[in-house]
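Novice: Got a sequence here, can you build the structure:
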Amino acid sequence: MKKRILYLIAFLAMFGINSKLFAQRQIIDITSKVNDDKSIDLSYTKEKPGTYTVILEFSNVENCDVTNYKTEIYGNSGYLYKLKPTNTGRGIRYSMKYYTMMGKQNPKVDSLFQYTLPFKNGKKVKIYEAGNIGEKYLGQEKKFNWKSYVVKPKDQDTICNMRKGIVVDIINDYADNSTSDDPYYTSKRNSVVVEHADGTFAVYKGFKKNAIFVKLGETVYPQTELGLIEKYDLNGYRLDFSVYFSTDKNIDENKNQTLKSFKSRYKYITPHFVTPEGTITIESGKEYTALLNESVITQEFSRSEKKKYAKTHSLSN
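Specialist: Below is the predicted model of the structure:
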């Protein structure tokens with residue numbers, strides 16, 4: 001019972017309560033500029049790299065025909081939307097609220113893409129499928145698409161990237177839990193999130209503090225070294241990893257939900273991994289060997305990257 005309570009405390013601390021349940025620090029700021037013709041330009045600035053979905057909701061509008069607007073933004077700043085007056089002799093009045101979400105909603109995902117395992121070429125690891133904490137302890141509905149994996153090596157190792165992408169989020173705030181021989185669930189883990197070309201994300205949780213090797217906005221490739229794995233408890237180390245994408249679930253839909261009724265805005269996929277035995281999907285509790293070959297390295301190379309690679313390697317046809 002004590003352990004279950006500790007799980008719940010940690011989970012509640014991670015999510016907060018009710019309307020504050022899904023609050024996050026504002027990454028995107030929207031500003032307005034009134035032009036000489038009384039139109040209004042809305043622009044944005046974004047603190048982090050990567051794709052974000054933005055939804056604008058307008059109310060109390062005067063002298064303008066406008067509807068709610070949804071778009072994806074990519075750069076650090078840019079133009080967002082223009083409000084035009086129906087009567088050019090008068091100004092526009094309006095109220096606006098906006099919602100943001102990391103990722104493009106319902107992207108066209110390459111479900112058969114070949115990933116590398118998140119360890120160095122030739123490393124053999126036993127991989128487990130992780131359970132979902134919300135379902136286990138809070139009575140949430142079973143997530144039919146939940147898919148997350150755990151590796152528990154006895155010795156410290158290097159966590160490697162699984163697919164070419166851009167580093168879009170880094171958490172490097174927490175010391176390890178190595179003094180405990182029976183740790184409870186905690187959300188306080190250092191992590192790296194990488195966005196891929198098809199709109200999916202990979203999250204890697206379990207880095208030693210100050211031992212993350214990559215930076216925000218950096219392009220990473222299969223087997224790029226991301227950092228050192230954390231000491232999770234007295235028994236060893238732990239890495240959790242998964243691949244997911246954003247859905248078209250209403251961004252503000254979760255604001256009045258409870259912990260039990262919460263439904264994720266993300267869908268998880270079952271990745272296909274390249275191994276010496278062929279391309280596989282993970283079966284919990286089995287051992288697999290990481291493999292990096294030329295086809296995996298170059299499968300998402302740009303033309304310039306292929307030319308650069310060809311200068312030092314003999315590309316296969």
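Novice: show me where the stretch 101-250 of the chain has strands.
Specialist: With strands called from DSSP state E, counting those that start in this stretch, the stretch 101-250 of the chain shows them at 114-115, 124-129, 149-151, 158-160, 165-171, 190-195, 201-212, 219-220, 225-233, 236-246.
Novice: Could you export those as TSV, including mean pLDDT, mean neighbour count and distance to residue 266?
Specialist: All C-beta atoms are positioned from the backbone trio N, CA, C, and that covers glycine. Formatted as TSV, those follow (pLDDT from 0 to 100; neighbours: other C-beta atoms under 10 Å; distance: least, C-beta to C-beta, whole Å):
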stretch	mean pLDDT	mean neighbour count	distance to residue 266
strand 114-115	97	18	18
strand 124-129	96	16	17
strand 149-151	96	20	16
strand 158-160	98	22	21
strand 165-171	98	19	14
strand 190-195	98	23	12
strand 201-212	97	20	8
strand 219-220	97	17	21
strand 225-233	94	21	21
strand 236-246	95	21	5
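Novice: Tell me which of these approaches residue 298 most closely.
Specialist: With respect to residue 298, and counting by C-beta to C-beta, the nearest of the strands of the stretch 101-250 of the chain is strand 114-115 at 11.7 Å.
Novice: Give me the helices and strands touching the closest one, please.
Specialist: Identification of packing neighbours for strand 114-115 by 3 or more C-beta pairs under 8 Å, 6 or more residues apart in numbering; DSSP states H and E yields strand 272-275.
Novice: Let's see that with 10 Å instead.
Specialist: strand 272-275, helix 294-298 (3 or more C-beta pairs under 10 Å, 6 or more residues apart in numbering; DSSP states H and E).
Novice: shaky segments in the protein?
Specialist: 1-25, 132-144, 177-186, 249-263, 314-317 (pLDDT under 70).
Novice: Any chance of CSV for the strands of the stretch 101-250 of the chain, columns distance to residue 289?
Specialist: Compiled in CSV, these are given as follows (distance: least, C-beta to C-beta, whole Å):
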stretch, distance to residue 289
strand 114-115, 14
strand 124-129, 5
strand 149-151, 13
strand 158-160, 13
strand 165-171, 23
strand 190-195, 22
strand 201-212, 19
strand 219-220, 21
strand 225-233, 18
strand 236-246, 16
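Novice: out of those, nearest to residue 27?
Specialist: Once C-beta to C-beta is applied to the strands of the stretch 101-250 of the chain, the stretch that comes out nearest is strand 165-171, at 9.5 Å.
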